[in-house]
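> sequence plus predicted model, see below.
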Amino acid sequence: MSSSRGRRLTGLQKEVLGLYRKCLREVRKKPENARTNFLIFTRRQFEPHLSLSKSDFATIEYLMRKGNQMLETYSNPGVRNVSV
């Protein structure tokens, strides 16, 4: 798979995109009236890090671990809304 500019994605970039997709899939499982909040919350978790250098492996791996933990927490069916 390549990005819109024709460059190939690194493995770590693919992992980040995969996490983002998983988050978006989980949003669809939430109650309809709370989906917008979950979507905004998800975007706010990723957007501050868009300018992060793709060679900053330690930070990216830390954020991936943190993101996966958050995904696990918010995937719980008992979590029905999130504050944004």
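Structure's in. What do you need?

> Arg28 and Leu39, how far apart?
Look at Arg28 and Leu39: by C-beta to C-beta, to the nearest Å, they are 10 Å apart. Placement of C-beta: from N, CA and C, glycine included.

> the more surrounded of the two?
The neighbour count for Arg28 versus Leu39, taken as other C-beta atoms under 10 Å, is higher for Leu39 (17 against 10).

> so the more buried one makes contact with Glu26?
No - counting by C-beta atoms under 8 Å, Leu39 does not reach Glu26; the two are 10.4 Å apart.

> can I take it that Glu26 is in a helix?
Yes - Glu26 sits within a helix when classified using DSSP: H, G, I helix; E, B strand; the rest coil.

> so it sits right up against Leu71, yeah?
Yes - using C-beta under 8 Å, Glu26 makes contact with Leu71 at a distance of 6.6 Å.

> residues contacting the most centrally placed residue in the chain?
In the chain, the centroid-proximal residue (C-alpha atoms, centre = their mean) is Tyr20; its distance is 3.2 Å. Shown in contact with Tyr20 (C-beta atoms under 8 Å, 6 or more residues apart in numbering): 42, 46.

> is it in a helix, a strand, or coil?
Here Tyr20 takes the helix state, with states given by three-state DSSP.

> need the per-residue pLDDT for it.
The confidence metric pLDDT takes the value 98 at Tyr20.
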